[in-house]
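>>> Please find the sequence and the predicted model below.
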Amino acid sequence: MNGQLSEQPLAELISEIFRKGLSGTLRLQHESVRTIVYFDAGQIIYAASNLRELRLAEYLKKQRLVSEEHLSSFAKRSDLSLVADLSANGIVDRTVIEPLITRQVIDLLRVALLWTKGSWEFDDRSRLNDSVRVKLDTPGLLVQAARKMPLDFVRSRFATQDESISPVTDAPDYHGLLPGEGFILSRLESTVKLRELIAISGLRELDAARTIYGLALGGFIEREHALNALSVAKAESSTGSLSATLSDASPADDTRVSDLERSRKGELEDLDTFLARVEAAGSYYDALGVNNTATPEEIKSCYYTMARNYHPDRYHLQAKTPLHARIEAAFAHITQAYEILTDSKRRSAYDAKLAAKGRARQTAPPAPISEQEPQREGLKHENAGVHANSDLERAANSFNEGFAALKRGQVKRALTDLAVAARLAPQDPRYRAYYGHALAAEQRTRRLAESELLVAVKLDPANASYRLMLAELYYDLGLFRRAEGELDRAISIDPNNAEAATLMQRLEAVRTTR
């Protein structure tokens, strides 16, 4: 089997081999550079290249493990032959060389994964005879590669915005996901169209597409058009523009356009009108422009139309201006409106509140290390976000909103705001910790929660609260030894922590029953 990297790039080939558990060799040719990658049961076990900078001899020289004189005596040997000769002659112990080989293979693959031109050939009959076996985190390697791929190339990998994206039941055990990647996974509860996932991602269109592409490569989500380059040719041409298809196609899951959507189709409000209407809205129904009898499908159609036309990232040229702050605030409110009105239980509760006009909105305690939490009433939010003239201020505002929602038990809303805060200020341990804490509320996102909490602990190792959050997560996962370890660290930092003492009692109860 063979083909062109422009049609089937290395990342997709590796992803397919990993997914199908194939064994064999994958030979690549990129201009004058030749590379070969060996697989065993889907796992990458070794790779080599003729590129001088990526030859083992160069790594040995940089580490000063072998002199130029010794290396010259083994000239023109393959890397594996060089390993055997150095080991047999007692020059370098094999256990010392093996970590260098792993580093070499990772460097080599990171270079080859970015190739968009060249040829490939896969042979499932060829095997690696040498005993060298590297151990790599293939899902993590693919996700990291996607982050660096050119946006134009990523655009070409999606033929249509109607492609379905689905969650997977057993995601890879990888803890290096970025907040934006984790947020997309946390919102993917069921199969959705690509356009829908991009609209709610909080990222610019092509950035969102690249994130989704990377998650699919790593096996964290499943694409409808599965990558099967080794078995059949691509079913559709991928030369179309993602931006064009996203802009021109019809609303998601709406083959029969509703009367409500049809009445608006040729008369979408311009931005100023949109902002004025949302800011003056007295209810969630007013914000979305629907009546209180609208069906979930009509609400969904209206929301995604607004997301496609008024998402803040469409106006990135106005970033850090009062106008952009208004757009962000308005979009956050219509997102909250959409989430409540498409959830039958939350919608019933909201309708009851509207009927009982005298009920005041619940107050929330202030976010940690914050003087006060911004207060809002309904959807009237004069000057909301006008002073958020930097990413850090935007992050702080989103965190305050998310923390308040978390305390009110509105986990979905909290996830939206806390993910924005973590994405805008990824080095702030507070944002990462509470985003992880929100993710821990749902069983299916607890793996992501661990990643966020581990980052928070790494950023602020002396914070007992973050370690306690991590201990509670491990307890819920049944990882009692890990929970006890984190709890011991939390107590050593804050011996009088009442919550830590309570969790310790629960752990001791578990020990006595085992």
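Structure received. Residues are numbered from 1 along each chain as shown.
>>> what's near enough to touch Ala501?
Residues counted as contacts of Ala501 (C-beta atoms under 8 Å, 6 or more residues apart in numbering) are Ile491. C-beta here means a position set from N, CA and C on the backbone, and glycine is covered the same way.
>>> typo on my end, it should be Phe39
Here Phe39 is in contact with Ile17, Leu22, Ser23, Gly24, Thr25, Leu26, Ile45 (C-beta under 8 Å, 6+ apart).
>>> same question, Val510
By C-beta under 8 Å, 6+ apart, the residues touching Val510 are Phe480.
>>> does it sit in a helix or strand, and which one?
Using DSSP states H and E, the element containing Val510 is helix 498-513.
>>> got the CA positions of that helix in CSV?
Once non-C-alpha atoms are left out, helix 498-513 reads as follows in CSV (Å, rounded to 0.1, in the frame of the first residue of the first chain):
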residue,chain,number,x,y,z
ALA,A,498,-11.5,20.5,58.3
GLU,A,499,-12.3,19.1,54.8
ALA,A,500,-9.1,17.2,54.7
ALA,A,501,-9.8,15.7,58.1
THR,A,502,-13.2,14.6,57.0
LEU,A,503,-11.8,13.0,53.8
MET,A,504,-9.1,11.2,55.9
GLN,A,505,-11.9,9.7,58.1
ARG,A,506,-13.6,8.4,54.9
LEU,A,507,-10.3,6.9,53.7
GLU,A,508,-9.7,5.2,57.1
ALA,A,509,-13.2,3.8,56.9
VAL,A,510,-12.4,2.3,53.5
ARG,A,511,-9.2,0.8,54.9
THR,A,512,-11.0,-1.0,57.7
THR,A,513,-13.5,-2.5,55.3
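>>> Just the buried positions in it, please.
Glu499, Ala500, Leu503, Met504, Leu507 (16 or more other C-beta atoms under 10 Å).
>>> so can I have CSV of these showing pLDDT?
Output for the buried residues of helix 498-513, formatted as CSV (pLDDT from 0 to 100):
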residue, pLDDT
Glu499, 88
Ala500, 88
Leu503, 89
Met504, 89
Leu507, 88
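>>> Average pLDDT for stretch 304-314, rounded please.
For stretch 304-314, mean pLDDT is 75.
>>> Please, where are all the strands along the protein?
With DSSP state E as the criterion, the chain has strands at 2-4, 24-30, 33-40, 43-49, 119-123, 164-167, 192-193, 221-223.
>>> Make CSV out of those and add distance to Ala433 and mean pLDDT.
Below are these laid out as CSV (distance: least, C-beta to C-beta, whole Å; pLDDT from 0 to 100):
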stretch, distance to Ala433, mean pLDDT
strand 2-4, 46, 88
strand 24-30, 41, 93
strand 33-40, 39, 93
strand 43-49, 34, 91
strand 119-123, 43, 93
strand 164-167, 25, 91
strand 192-193, 29, 90
strand 221-223, 25, 91
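>>> Can you check which of those strands gets nearest to Ser344?
Between Ser344 and those, the shortest gap by C-beta to C-beta is with strand 192-193, which sits at 18.6 Å.
>>> How far does the closest one sit from its chain's centre?
Remark: strand 192-193 is offset 17 Å from the chain centroid, using C-alpha atoms, centre = their mean, to the nearest Å.
>>> That strand pairs with which strands?
Using DSSP bridges, the strands paired with strand 192-193 are strand 164-167 (antiparallel).
>>> which other residues reach the strand it pairs with?
Residues contacting strand 164-167 (C-beta under 8 Å, 6+ apart): 185, 188-194, 197, 212, 216, 221-224, 444.
>>> again, but for stretch 91-99
Counting by C-beta under 8 Å, 6+ apart, Leu56, Leu60, Leu65, Val66, His70, Val83, Leu86, Ser87, Val132, Val134 sit against stretch 91-99.
>>> Quick check: closest non-adjacent residue to the spatially most central residue of the chain.
The centroid of the chain falls nearest to Glu181 when counting by C-alpha atoms, centre = their mean (0.9 Å). Leaving aside its chain neighbours, Glu181 sits nearest to Thr211 (5.6 Å; criterion: C-beta to C-beta, 6 or more residues apart in numbering).
>>> what pLDDT does Ser73 get?
For Ser73, the pLDDT comes out at 64.
>>> My error: substitute Lys345 in the last question.
Among the per-residue scores, Lys345 shows a pLDDT of 89.
>>> mind listing what His175 touches?
Glu450, Ser451, Leu454.
>>> Now, of those residues, which are buried?
Using 16+ other C-beta under 10 Å as the burial test, those include Glu450, Ser451, Leu454 as buried.
>>> Among these, which one sits closest to Asp162?
Ser451 (31.1 Å).
>>> close enough to count as contact, the closest one and Pro179?
No - Ser451 lies out of contact with Pro179 (C-beta atoms under 8 Å); the separation is 9.5 Å.
>>> isn't Asp79 right up against Leu54?
No - counting by C-beta under 8 Å, Asp79 does not reach Leu54; the two are 9.4 Å apart.
>>> quick one on the thing from earlier: just the closest of the contacts of Phe39 to Leu113, please.
Of all the contacts of Phe39, Leu113 sits closest to Leu26, with 12.1 Å by C-beta to C-beta.
>>> Tell me the spacing between the residue nearest to Gly3 when sequence neighbours are not counted and Arg432.
The shortest distance from Gly3 to any non-neighbouring residue, by C-beta to C-beta, 6+ apart, is to Trp120 (5.9 Å). Trp120 is 39 Å from Arg432, where distance means C-beta to C-beta, to the nearest Å.
>>> One more: Leu177?
Taken as C-beta to C-beta, the span from Leu177 to Arg432 is 12 Å.
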